[in-house]
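Engineer: coords please:
(2 chains)
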Amino acid sequence: MKRRSLLAAGAAALALATGGGFADGHEKTKVGFIYVGPIGDGGWTYQHDQGRLAVEAEYGDKVETIFQESVPEGADAERAITQMALQGADIIFTTSFGYMDQTNSVAAKFPDVKFEHATGFKREHPNVATYDARFYEGRAVIGTIAGHMTETNKIGYIASFPIPEVIQGINAAYLHAAKVNPDVEMVVTWVYTWFDPAKEADAARAMIGQGVDVIMQHTDSTAPQAAALEANNEGGRVFTFGQASDMASFAPAPRIASIIDDWSPYYIKRVGQVIAGTWEQGASWGGMPEGEVVIGEITEVVPAEVKAEAEAMIAAITDGTYHPFTGPINKQDGTPWLAEGEVADDGTLAGMSFYVEGITGEIPN
Amino acid sequence: MDLSAISPTLLIAALMVAATPIILAAIGELIVEKAGVLNLGVEGMMITGAICGFAIAVESGSPLLGFIAAAVGGAVLSLLFGVLTQYFLSNQVATGLGLTLFGLGLSALMGQGYIGIRPPTTSKVDIPVLSEIPVLGPILFNQDLVVYFALLLVVATWAVLKFSRAGLILRAVGENHDAAHALGYKVVRVRLMAIMFGGACAGLGGAYLSLARVPQWTEGMTAGAGWIALAIVVFGAWRPFRVLLGAYLFGGVTVLQLNLQAAGANIPVEYLSMSPYLITIAVLVIMSSGKAKAALNAPACLGRQFHASS
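Structural biologist: The predicted structure is shown next:
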């Protein structure tokens, strides 16, 4: 009996202590991040982690950040997100498309915790917001460079999963490459992974073997860059673009430019709103104007006039005078999508599931 | 569709490269399992080998030293598993899984300073005249040394298991450790050596990824290759040449499906993507079926603990 009452007292004390901790509203705001890859991937997850560090730098003692790396997409993610909510996180950023349903389902159980899901579109509860970046703006710029740089007229695209974000990228890159080089052909290879260096390298090699001389990637590791470098060392002429992160260690060639995701402005803004108590559900889709999509240094391998053309496009997108999806654009089957001068609406883009005219091959389901 | 764009020569040369890390890890695990130990830590040992090899190759400028360091690193990590399971009789499945998690974390820690660095190139053996032969040249005579080493290792493993006394003792320990013990063989010592051999092979496989196949260091870069190796050992019914076949099939179909996609083949991508797994499993299962051969081939003491007192 005695032992039991002691236990009960202990439990009560513990409850009091934790209850007390919550009563004064946490000493610090706890910010959680769920990552799909390791923070050292040199690409996607690395950039999200840079955002996390920016939040720490901005708010110092007022925040505490926690993160979990390499959380598989799918059922296991629910456990990881729940765990983080139980650890007392006030806001949780789930940073991959495949966490969409899991984020919403955990959010239903923790109405006081704020959830931010990257690149998704489901906001089933008032405490779920989504955020994304207009990567296709960057794709338009590197597509232009690629169209000029290719000699074999074959541009390779290592695609991860057939989701709207990836399809926007393929379309934007092709449209702008074809604009400057009508003979260009888009070779798309689906690898069904965000991060598998060996497979990404194999995909790059397979395309190089078939005459592709400019490679874009929508996967997270630097392996395709290494494969291109290897081909160049053996006398090839292959160019690549840094993806998500600058990947500057492969400059000036094969990496001739890059699309950098900068999540810091958004993370700092949203965490600030949680601290101030003004956070609201939303769907953010920032791009070049917001500083979330940045083009890394265009190296000297690119001819000056091409570089100038790319920079002009960056300026036009940033000041809002140019939208990468401006008509006339037909769908792959030839049916009209956008009329002359018409600009794509965000709803269509966010659910994009078709290729534009000129791309061969089919999108997997 | 333009299938003529796919060069069969390049394809076969590429599949040998793609299969090599899996062959190395699988042949090591085969020896471990033949000794009656189930080590699920292959992935962890591979990735530890990948970073050990990478770090030493970068620091010393010599890929050869890197590969040696990778083998040592993998063996040292496997020794941890060996001591825990053989002396402290911990559960092999749990310890093996723990080893994988530990290896992934350890390698990430060790690799902090090596992200974005290029390793010294692993030179290919370029046999002057032979590598000029039209089709066979690039396939057989223009690979890096590790590819040949992996093939030799498979043959050597087969020969040792089948013909040598050491192989017989190893199999005896794996089939019936009590009998082997009664005959005076040091069961624990044999198993520890097998475990270290497995660790060294897995480490080499990992280093082949980070030094030759990718080549660079990225956290988590093995991305499941260790698990594929484990599966191939089982589906290959613990036979060296079937393991080799399984690894080549897996590597080959992986490379082929990417080539088919790039060539614009009219096959749905979903089928292409799952084909390496399906085809490898199907072929090995069919080969090993009939008269319950696979079950007969599994070492009888696989995963069972041994203590001299029992």
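Engineer: does any bit of stretch A:216-223 sit next to chain B?
Structural biologist: Yes: contact of stretch A:216-223 with chain B (CB under 8 Å from any CB of the partner chain) involves A:221-223. From N, CA and C alone the C-beta is placed, and that goes for glycine too.
Engineer: now the end-to-end length of that stretch.
Structural biologist: In stretch A:216-223, first residue to last residue: 12 Å (CA to CA, to the nearest Å).
Engineer: list the buried ones in it?
Structural biologist: A:216-223 (16 or more other CB atoms under 10 Å in any protein chain shown).
Engineer: next up, the contacts around residue B:27.
Structural biologist: By CB atoms under 8 Å, 6 or more residues apart in numbering or on different chains, the residues touching residue B:27 are B:150, B:153-154, B:157, B:201, B:240, B:243-244.
Engineer: quick one: which of those residues is most hemmed in?
Structural biologist: residue B:201 (32 neighbours; other CB atoms under 10 Å in any protein chain shown).
Engineer: now it: closest residue in space, sequence neighbours ignored.
Structural biologist: residue B:28 (2.6 Å; CB to CB, 6 or more residues apart in numbering or on different chains).
Engineer: quick revisit: in helices, which of the buried residues of stretch A:216-223 fall?
Structural biologist: residue A:223 (DSSP state H).
Engineer: got a list of what residue B:11 touches?
Structural biologist: With CB under 8 Å, 6+ apart, residue B:11 has these contacts: B:252, B:255-256, B:259.
Engineer: of the residues you listed, which ones also sit close to chain A?
Structural biologist: Subset of the contacts of residue B:11 in contact with chain A: B:255, B:259, counting by CB under 8 Å from any CB.
Engineer: closest one of the contacts of residue B:11 to chain A?
Structural biologist: residue B:259 (4.5 Å; CB to the nearest CB).
Engineer: count of residues packed around the nearest residue to residue A:287 once chain neighbours are set aside?
Structural biologist: Nearest in space to residue A:287, with sequence neighbours left out and distances taken as CB to CB, 6+ apart, is residue A:134 at 3.1 Å. The local packing of residue A:134 (other CB under 10 Å) involves 24 other residues.
Engineer: before we move on, what about the one 4 residues further on?
Structural biologist: By the criterion of other CB under 10 Å, residue A:138 has 31 neighbours.
Engineer: same check, this time on residue B:88
Structural biologist: Residue B:88 is flanked by 8 other residues according to other CB under 10 Å.
Engineer: distance of it from chain A?
Structural biologist: Taking CB to the nearest CB, to the nearest Å as the measure, residue B:88 falls 29 Å from chain A.
Engineer: tell me the pLDDT of that residue.
Structural biologist: Per-residue pLDDT puts residue B:88 at 92.
Engineer: roughly how far apart are it and residue B:302?
Structural biologist: 19 Å (CB to CB, to the nearest Å).
Engineer: so what's residue A:320 up against?
Structural biologist: Taking CB under 8 Å, 6+ apart as the criterion, residue A:320 is in contact with residue A:289.
Engineer: quick one: the residue nearest to residue B:201 from residue B:289, how far?
Structural biologist: 26 Å.
Engineer: which one's more surrounded, these two?
Structural biologist: Shown here are residue B:28 and residue B:289; by other CB under 10 Å, residue B:28 has more neighbours (34 against 11).
Engineer: show me the contacts for that one.
Structural biologist: B:42, B:197-202, B:205.
Engineer: quick one: which of the residues you listed has the most company?
Structural biologist: Counting neighbours by other CB under 10 Å, residue B:202 leads those with 41 neighbours.
Engineer: and that one, what element?
Structural biologist: Assigning secondary structure by DSSP states H and E places residue B:202 in helix B:187-208.
Engineer: with just CA atoms, put that helix into PDB.
Structural biologist: The C-alpha trace of helix B:187-208 is given here as PDB (Å, rounded to 0.1, in the frame of the first residue of the first chain):
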ATOM      1  CA  VAL B 187      32.500 -22.400 -32.300                       C
ATOM      2  CA  VAL B 188      32.700 -18.900 -30.900                       C
ATOM      3  CA  ARG B 189      36.000 -18.200 -32.500                       C
ATOM      4  CA  VAL B 190      35.000 -19.500 -35.900                       C
ATOM      5  CA  ARG B 191      31.800 -17.400 -35.700                       C
ATOM      6  CA  LEU B 192      33.700 -14.300 -34.700                       C
ATOM      7  CA  MET B 193      36.100 -14.700 -37.700                       C
ATOM      8  CA  ALA B 194      33.100 -15.200 -40.000                       C
ATOM      9  CA  ILE B 195      31.400 -12.100 -38.600                       C
ATOM     10  CA  MET B 196      34.600 -10.100 -39.100                       C
ATOM     11  CA  PHE B 197      34.900 -11.400 -42.700                       C
ATOM     12  CA  GLY B 198      31.300 -10.400 -43.300                       C
ATOM     13  CA  GLY B 199      32.000  -6.900 -41.900                       C
ATOM     14  CA  ALA B 200      35.100  -6.400 -44.000                       C
ATOM     15  CA  CYS B 201      33.200  -7.400 -47.200                       C
ATOM     16  CA  ALA B 202      30.300  -5.100 -46.300                       C
ATOM     17  CA  GLY B 203      32.800  -2.300 -45.700                       C
ATOM     18  CA  LEU B 204      34.400  -2.900 -49.100                       C
ATOM     19  CA  GLY B 205      31.000  -2.800 -50.700                       C
ATOM     20  CA  GLY B 206      30.200   0.500 -49.000                       C
ATOM     21  CA  ALA B 207      33.500   1.900 -50.100                       C
ATOM     22  CA  TYR B 208      32.900   0.900 -53.600                       C
END
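Engineer: my read: residue A:41 touches residue B:221, true?
Structural biologist: No: using CB atoms under 8 Å as the test, residue A:41 is too far from residue B:221 to be in contact (9.1 Å).
Engineer: excluding chain neighbours, what is closest to whatever residue of chain A ends up closest to chain B?
Structural biologist: Relative to chain B, the nearest point of chain A is residue A:38 (3.4 Å; CB to the nearest CB). Nearest non-adjacent residue to residue A:38, counting by CB to CB, 6+ apart: residue B:219, 3.4 Å away.
Engineer: the one you found: what's it in contact with?
Structural biologist: Here residue B:219 is in contact with A:37-41, A:69, B:107-108, B:111, B:115 (CB under 8 Å, 6+ apart).
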